[in-house]
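Asks: what's the 3D shape of this:
(chains A and B)
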Amino acid sequence: MTFAERMLRIDRRIIFLLIGLCTLLPLLYPVGLAIKVSPEVRSVYDKIESLPAGSVFLLSMDFDPASKPELYPQAIALLHHAFRKNLRVIAMTLWLPGTGMAAEVISQVADGMGKVSGRDYVFLGWSPGGSSVVINMGQDLYKAFPSEYFRHEPTKDLAVLKGVRNLRDVSYVVSLAAGTTGIETWYVFGKDKYKFELGGGCTGVIAPGLYPLLRSGQINGLIGGLRGAAEYEVLTGLKGQALAGMDAQSATHFAIIVLVILCNTFFLFIQRSRKQADQR
Amino acid sequence: MNFLRRQLPLLITFAMGVVFACQYYVPHPVSELLLTTVTKWLQIIGGFALVLGITSLFHLHAGKIRRKEPGWGYSGVLYASMVGTILVGLGYSFSFQQWILGKETIDGVRTMFGWIYTFMMVPLQGTMFAILAFFIASAAYRSFRARSREAAVLLVAAVIVMLGRVPLGEYLVPISGDATQWIMNVLNASVRRAILIGISLGAIALSIKIIFGIERAYLGGGRE
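Replies: Got it, this is the predicted structure:
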């Protein structure tokens, strides 16, 4: 067996170790390289920035714990920005397993910024139905969610929802999605009929699939993956988990690129050797 | 019996399909009220579907345990976890002196249900997803090879996007960021749009077939 063949059959545990080190070392010794903000992330930021104080901002955290590393920092950055702008925040989720995480993120950020549940923000929790929840909210928000999540107070009596009857009264909706039900659901069943502005945040895996919606203006902006979260943190001046994780992502991406180049070099070398042997 | 099993569902599907296809274009208050009511029904049916799903899962794994099928121990773990979580999540807490009813926290204090969610479900799901990074790296090394011209194009595009999506890549190859934006916005978006249009046309065709009773697979394969 030649050296190239041996290298192509390398023990996978060596690759696992390399990826582990590439993740761990930058987290322990961060470099903090500059991050360029993309136009799609800036659009979401600019939209929130343009809203006057008291406008209604709805954040739908449509993800489960598996996507926490990418979408949780996005939720923190968006909530931080919305509260700083004194927007009235409605938070909810269309994913049942994400309810606890969504409740945790909204209460943590709100507590940190001195915001009060029922007055400055409301967490509606989860309701079954997916797309029908969106339609129901578009028709009558109080029927879709008769009470809020934390103290089960009737939503009709909450100061934060004064003047808000349905989705037509919401200034801006952002769905942080890890798949379906998510951004497409909010567009197809919500924005198209109830005419609110819609933005999106998503995991890196599903981001490429959402670019047609972005290019056609069906969503005004898109925060994609940990990179998108880091860009939003740069814009808001928040030093959060996403910025801390970007060095690790840089290192792992590079490790994978190097591995791919190496494997192709060995592969081409073997191919050439075989061709030469055949000619002989 | 055949009427209840076949004709009636077909009739309901046809009526509801036609009514709600038209409803979208009729902004009259009665039409809007109809939509509000029916979407509320859907939410309620969604709740029942959840109960049905859990019951079905219990049933499936009970059978596996009873027959001692290979891997029945995992079904036992699933059973214990599900029953335990349901009891803790819905039961009475003596420390809080109240029923938990699915609350993760009560007055800022984490319940046992919240503890299971935060310290078991969240890290377990996170771990499952994180393992992917290791397998992707290993799989990329083993199989991401330029065996053909098409594979080579894919390889080059992947390397550019991987470079352009991280700060180190943009630092070392400054053009990679703009190149990634172009690949995502032009090449990727146009192909995805074509796929989306195809899927949508297929969905419309299937909907029409279901509404008019041509496609009947949803009725199940029971005896006539």
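Asks: can you map out the strands along chain A?
Replies: Applying DSSP state E to chain A gives strands spanning A:56-62, A:88-93, A:121-126, A:172-177, A:197-202, A:222-224.
Asks: The second one pairs with which strands?
Replies: Paired neighbours of strand A:88-93 in the sheet (DSSP bridges): strand A:56-62 (parallel), strand A:121-126 (parallel).
Asks: related to what we said a few turns ago, compile the strands of chain A into TSV and extend it with columns for distance to B:Val173 and mean pLDDT.
Replies: The C-beta positions use only the backbone N, C-alpha and C, and glycine is treated the same way. Listed next are the strands of chain A as TSV, based on distance: least, CB to CB, whole Å; pLDDT from 0 to 100:
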stretch	distance to B:Val173	mean pLDDT
strand A:56-62	34	97
strand A:88-93	39	97
strand A:121-126	43	96
strand A:172-177	30	97
strand A:197-202	25	96
strand A:222-224	20	96
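Asks: need the ones you listed in a markdown table with mean neighbour count, can you?
Replies: Output for the strands of chain A, formatted as a markdown table (neighbours: other CB atoms under 10 Å in any protein chain shown):
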| stretch | mean neighbour count |
| --- | --- |
| strand A:56-62 | 27 |
| strand A:88-93 | 26 |
| strand A:121-126 | 23 |
| strand A:172-177 | 27 |
| strand A:197-202 | 27 |
| strand A:222-224 | 27 |
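Asks: wait, which of those strands is closest to B:Gly47?
Replies: strand A:121-126 (10.8 Å; CB to CB).
Asks: which sections of chain B are below the confidence cut-off?
Replies: Residue ranges of chain B with pLDDT under 70: B:1, B:221-224.
Asks: Report how many residues lie close to residue 24.
Replies: Picked chain A for this. 12 (other CB atoms under 10 Å in any protein chain shown).
Asks: was after chain B, sorry
Replies: Residues near B:Tyr24, counting by other CB under 10 Å: 11.
Asks: Spatially nearest residue to B:Tyr79, not counting backbone neighbours?
Replies: B:His61 (5.8 Å; CB to CB, 6 or more residues apart in numbering or on different chains).
Asks: Also A:Ala77?
Replies: Distances taken as CB to CB, 6+ apart place A:Tyr232 nearest to A:Ala77, at 4.3 Å, with adjacent residues excluded.
Asks: and that neighbour, how far is that from A:Ile48?
Replies: Counting by CB to CB, to the nearest Å, the gap from A:Tyr232 to A:Ile48 is 10 Å.
Asks: where do the contact lists of those two overlap?
Replies: A:Leu78, A:His81 (CB atoms under 8 Å, 6 or more residues apart in numbering or on different chains).
Asks: These two: which has the busier surroundings?
Replies: For A:Tyr232 versus A:Ile48, the count of surrounding residues by other CB under 10 Å is larger for A:Tyr232: 29 against 23.
Asks: need the contact list for the more buried one.
Replies: Contacts of A:Tyr232 (CB under 8 Å, 6+ apart): A:Val41, A:Val44, A:Tyr45, A:Gln74, A:Ala77, A:Leu78, A:His81, A:Ile223, A:Ala242.
Asks: Thanks a lot, see you next time.
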